[in-house]
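Asks: What follows is a predicted structure for the sequence shown.
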Amino acid sequence: MDNRQVIGSWLSGPRAAAEEMGVDFGYRGERLGLPRDGRGAVAPPGRRMLALLVDWGLCLLIAYGLIADRDAASAGNWALPVFLVMSLFTVGTLGCTPGKMLLRIRVVDLNGNRLSLPRTLIRCVLLGLVVPAVIWDRDSRGLHDRAAGAVQVRL
């Protein structure tokens, strides 16, 4: 076997090479007992990123119009605190932010219930640190979701 097959190419990565050799990783959410597709399945990463962009844009608008006195530079500084407060209140009460609601995603615990306030707070603090949110496991859950015992599912 060629070494390039073992390590994978820079395009496909090592996971694709392992799958070609017969390793079965299963689907995202299988280890959590979630369905493969449809309602209750793990939300796709692209949809989650788009929801994040919608939420970030909304927070920039709120910061620009209400807090930063229409100063664009200052609005950029206020966007993260606005985002964290919005996430804490909307995920803690509705289970989703406005962007997630628009794209039909909900943040739930592993039993499908709404997150408690302390778990939502843990998730939001880690989300604000950014690094835990960009390190994902094979079920596409960031470290912030894992620490809170949460998963983002489709509605």
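Replies: Nice, I can see it.
Asks: Give me the distance between the two termini of stretch 96-106.
Replies: Stretch 96-106 has an end-to-end distance of 5 Å (Cα to Cα, to the nearest Å).
Asks: residues in contact with it?
Replies: 43, 47-48, 50-55, 58, 86-87, 90-91, 94-95, 107, 152-155 (Cβ atoms under 8 Å, 6 or more residues apart in numbering). For the C-beta atoms, the positions are set from N, CA and C on the backbone; glycine is no exception.
Asks: Which ChimeraX command selects the buried ones in those residues?
Replies: The following ChimeraX line selects those of the contacts of stretch 96-106 that are buried, judged by 16 or more other Cβ atoms under 10 Å:
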select :43,47,48,50,51,52,54,55,58,86,87,90,91,95,107,152,153,154
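Asks: Sitting in helices, which of the contacts of stretch 96-106 do you find?
Replies: Those of the contacts of stretch 96-106 mapping onto helices are 47-48, 50-55, 58, 86-87, 90-91, per DSSP state H.
Asks: Identify the farthest-apart pair in those residues.
Replies: Among the ones in helices among the contacts of stretch 96-106, the pair separated by the greatest distance (Cβ to Cβ) is 47 and 86, at 18.8 Å.
Asks: Mind checking the pLDDT average for stretch 117-132?
Replies: Taken as a whole, stretch 117-132 has a mean pLDDT of 94.
Asks: now stretch 92-106
Replies: Rounded mean pLDDT across stretch 92-106 is 96.
Asks: Report the buried residues of stretch 115-129.
Replies: Here stretch 115-129 shows 115, 119, 120, 121, 122, 123, 124, 126, 127, 128 as buried, counting by 16+ other Cβ under 10 Å.
Asks: If you could redo that for stretch 69-85, that was the one I meant.
Replies: Going by 16+ other Cβ under 10 Å, stretch 69-85 has these buried residues: 75, 78, 79, 82, 83, 84.
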